[in-house]
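S.K.: Build the 3D model from these lines:
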Amino acid sequence: MSDPVLGSTRTLRQHLIVAQTINEACHSWPGAPKVAATRSGWLVAGPKGATEAVSTVEALWSTVLRGRPGVRRQDLRAAEDLDAGEPDPGELARRVMNLGHEMAQDSATETDT
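M.R.: This next block holds a predicted model:
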């Protein structure tokens, strides 16, 4: 499945970087979701143990943000704040975080109206 963030060719390594990026971005939330990479996408485990499979980065962020209504852009860590000691997430982490920031901003705008 093609993904606007990953493109048409996807690898398990990319899925791992995306999962790590989102886990790091949300780790300070109480009951933060846990994202695990699979060959076809990701599994998102919520605080009550329910697991949902998703296949695009947008669907992944949607699932993560749905578990935290009213989240704002500043509630997510910036890509530049991600641990430098891990394998370099580079441009992919920035694209993932940019989408998360956009979706969080849209979500906050919707809850404000």
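
S.K.: only C-alpha atoms for contact and neighbour calcs from this point on.
M.R.: Fine.

S.K.: Which pLDDT value goes with Gln14?
M.R.: We have a pLDDT of 94 for Gln14.

S.K.: Could you pull up the residues touching it?
M.R.: Applying Cα atoms under 8 Å, 6 or more residues apart in numbering to Gln14 gives the contacts 6, 92.

S.K.: So it belongs to a helix, correct?
M.R.: Yes - judged by DSSP: H, G, I helix; E, B strand; the rest coil, Gln14 forms part of a helix.

S.K.: Pull up the gap between it and Lys48, please.
M.R.: 27 Å (Cα to Cα, to the nearest Å).

S.K.: Same question for Leu12.
M.R.: Distance from Leu12 to Lys48, by Cα to Cα: 27 Å.

S.K.: out of the two, which sits in the more crowded spot?
M.R.: Comparing Leu12 with Lys48 by other Cα atoms under 10 Å, the one with more neighbours is Leu12, at 13 against 8.

S.K.: show me where the chain has strands.
M.R.: 34-37, 42-45, 51-54 (DSSP state E).

S.K.: okay if I get the ones you listed as a markdown table plus mean neighbour count and distance to Gln105?
M.R.: Listed next are those as a markdown table, based on neighbours: other Cα atoms under 10 Å; distance: least, Cα to Cα, whole Å:
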| stretch | mean neighbour count | distance to Gln105 |
| --- | --- | --- |
| strand 34-37 | 21 | 21 |
| strand 42-45 | 21 | 21 |
| strand 51-54 | 16 | 21 |
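
S.K.: Using TSV, lay out these together with mean pLDDT and distance to Gly100.
M.R.: Conversion of the strands of the chain to TSV gives the following (pLDDT from 0 to 100; distance: least, Cα to Cα, whole Å):
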stretch	mean pLDDT	distance to Gly100
strand 34-37	96	14
strand 42-45	96	15
strand 51-54	95	15
